[in-house]
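**Student:** Quick one, what's the 3D model for this:
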Amino acid sequence: PVENAIRPLTLQRKNSLFAGHDEGAANWARIASLIETCKMNAVDPFAYLAFVLKAIAAGHPQSRIDDLTPWAFAKTSSPNE
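**Tutor:** Residues are numbered from 1 along each chain as shown. Now for the predicted structure:
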């Protein structure tokens, strides 16, 4: 059971070897973290990332960044979105 729980982390670590450079690895880690946070909050990662990118492109204020967290998205989106 424990081995199965950490298997995705091991695979991600191995895949991160191909990030190219430190900045690329840091960006990859941020996206991977957001995707895993979505999964932990029962949020569709694709729908969440599309929502966030659209909000940022539309000028979402930085002072309301908490509105763009996966758990805030889960509260405002319907299960069919």
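
**Student:** list the buried ones in the host helix or strand of residue 49?
**Tutor:** Taking DSSP states H and E as the definition, residue 49 sits inside helix 45-57. Across helix 45-57, burial judged by 16 or more other Cβ atoms under 10 Å covers 48, 49, 51, 52. Every C-beta, even on glycine, is put in place using the N, C-alpha and C of the backbone.

**Student:** I'd say the second one and residue 34 touch.
**Tutor:** Yes: when contacts are counted by Cβ atoms under 8 Å, residue 49 is listed as touching residue 34 (7.1 Å).

**Student:** so where's the protein shaky on pLDDT?
**Tutor:** Scanning the chain for pLDDT under 70 picks out 1-2, 4-6, 9, 12-20, 78-81.

**Student:** and the residue sitting nearest the centre point of it, what does it touch?
**Tutor:** Nearest to the mean C-alpha position of the chain, counting by Cα atoms, centre = their mean, stands residue 34 at 1.9 Å. Counting by Cβ atoms under 8 Å, 6 or more residues apart in numbering, residue 34 makes contact with 45, 48, 49, 70.

**Student:** Next, give me the two most distant ones among those residues.
**Tutor:** Using Cβ to Cβ, these span at most 9.7 Å, a distance reached by 49 and 70.

**Student:** ok, back up a step: quick one: which helix or strand includes the residue nearest to the centre of the chain?
**Tutor:** Counting by DSSP H and E, residue 34 is found in helix 22-40.

**Student:** How far off centre is that helix?
**Tutor:** 6 Å (Cα atoms, centre = their mean, to the nearest Å).

**Student:** I'd like the numbering to begin with 22 instead of 1 from here.
**Tutor:** Will do, 22 is the new start, and the previous item becomes helix 43-61.

**Student:** how far off helix 66-78 does that helix point, in degrees?
**Tutor:** Angle of helix 43-61 versus helix 66-78, following axes from the mean of the first three to the mean of the last three Cα atoms, to 10 degrees, is 120 degrees.

**Student:** May I have helix 43-61 as CSV, with CA atoms only?
**Tutor:** Presented in CSV, the C-alpha positions along helix 43-61 are these (Å, rounded to 0.1, in the frame of the first residue of the first chain):
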residue,chain,number,x,y,z
ASP,A,43,16.7,24.6,-13.1
GLU,A,44,14.0,27.1,-14.1
GLY,A,45,12.2,24.6,-16.3
ALA,A,46,12.3,22.1,-13.4
ALA,A,47,10.9,24.7,-11.0
ASN,A,48,8.0,25.5,-13.4
TRP,A,49,7.3,21.9,-14.0
ALA,A,50,7.2,21.3,-10.2
ARG,A,51,4.7,24.2,-9.8
ILE,A,52,2.4,22.7,-12.4
ALA,A,53,2.7,19.2,-11.0
SER,A,54,1.9,20.6,-7.5
LEU,A,55,-1.2,22.3,-8.8
ILE,A,56,-2.4,19.2,-10.6
GLU,A,57,-1.8,17.0,-7.5
THR,A,58,-3.6,19.6,-5.3
CYS,A,59,-6.6,19.4,-7.8
LYS,A,60,-6.7,15.7,-7.5
MET,A,61,-6.6,15.9,-3.7
